[in-house]
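Asks: have a look; sequence and predicted model below, questions after that.
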Amino acid sequence: MSNNLVLNGCFSKGLSFWLGSDFSVIIDPVEGCYAHHENIDATLTQILERSNTIKKNEHYQLIIKARAVKVEEMKPILLVTAGTQYNIPCDNPNSHQLNSNWEEFKFNFSIGDIESEVTDVRLIMNNFSDITNISLVNL
C-alpha cells in the first residue's frame, strides 16, 4: 500500500521502527511475520516518520490483522503533537473484540481542528497477543 503511513507493518524487518518491550517476531509459513507478546497489556508504538502528512480536519483509517489469547477490546490511539499534545482515540472502538482467531480490524480516526503544524505522531496499540499487516491511510 503506497500511501501507508506505517513503516514495517508486516514485521518483515523484525521490530525495526517499533517501540515496545519483550516483543518477538514470529515467522509463520501461513501468516508470515507477526509481532507477539505474552502479556496482552503490553504496548507497541511507532513514531510515524512521515508525521507531516497527518493534517488537521482529516480522516484516517488504521487496518490491522490481530488476535488475542483471551477476548479483549483493542482501542488504539494516535498521539498527535501540534503545539499541544492530542490523544486521539478511534471513532469506532466498540466493534473490535479480539479473540484467538486472526481477524482484520479497521479503526477510524478523525483529526479535528488542532493547533498549528503537526510535529510528531505516535501510533499506540495494546490489548493483543499477535499483530501484523498494520497500515494507516488517509481516507
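Replies: Received, thanks.
Asks: doesn't Gly14 make contact with Val25?
Replies: Yes: the pair Val25 and Gly14 qualifies as a contact (CB atoms under 8 Å) at a distance of 5.1 Å. In short, each C-beta sits where N, CA and C put it, glycine included.
Asks: and those two? Which one has more around it.
Replies: Here Val25 and Gly14 are set side by side on neighbour count (other CB atoms under 10 Å), and the busier one is Val25, at 17 against 13.
Asks: next one, pLDDT for the more buried one please.
Replies: The predicted structure scores Val25 at 97 on the pLDDT scale.
Asks: try the one 10 residues further on
Replies: On pLDDT, Ala35 comes in at 96.
Asks: secondary structure element holding it?
Replies: Ala35 belongs to strand 32-36 when assigned by DSSP states H and E.
Asks: which helix or strand lies directly C-terminal to that strand?
Replies: Criterion used, DSSP H and E; the element after strand 32-36 is strand 44-47.
Asks: buried ones in that following strand?
Replies: Buried residues in strand 44-47, counted by 16 or more other CB atoms under 10 Å: 44, 46.
Asks: show me what it is in contact with.
Replies: Outside strand 44-47, the residues within contact range by CB atoms under 8 Å, 6 or more residues apart in numbering are 6-7, 17-20, 23, 35, 37, 120-126, 131.
Asks: buried only: go through these for me.
Replies: For the contacts of strand 44-47, burial is judged from neighbour counts taken by 16+ other CB under 10 Å, and it is met by 6, 18, 20, 23, 35, 37, 121-126, 131.
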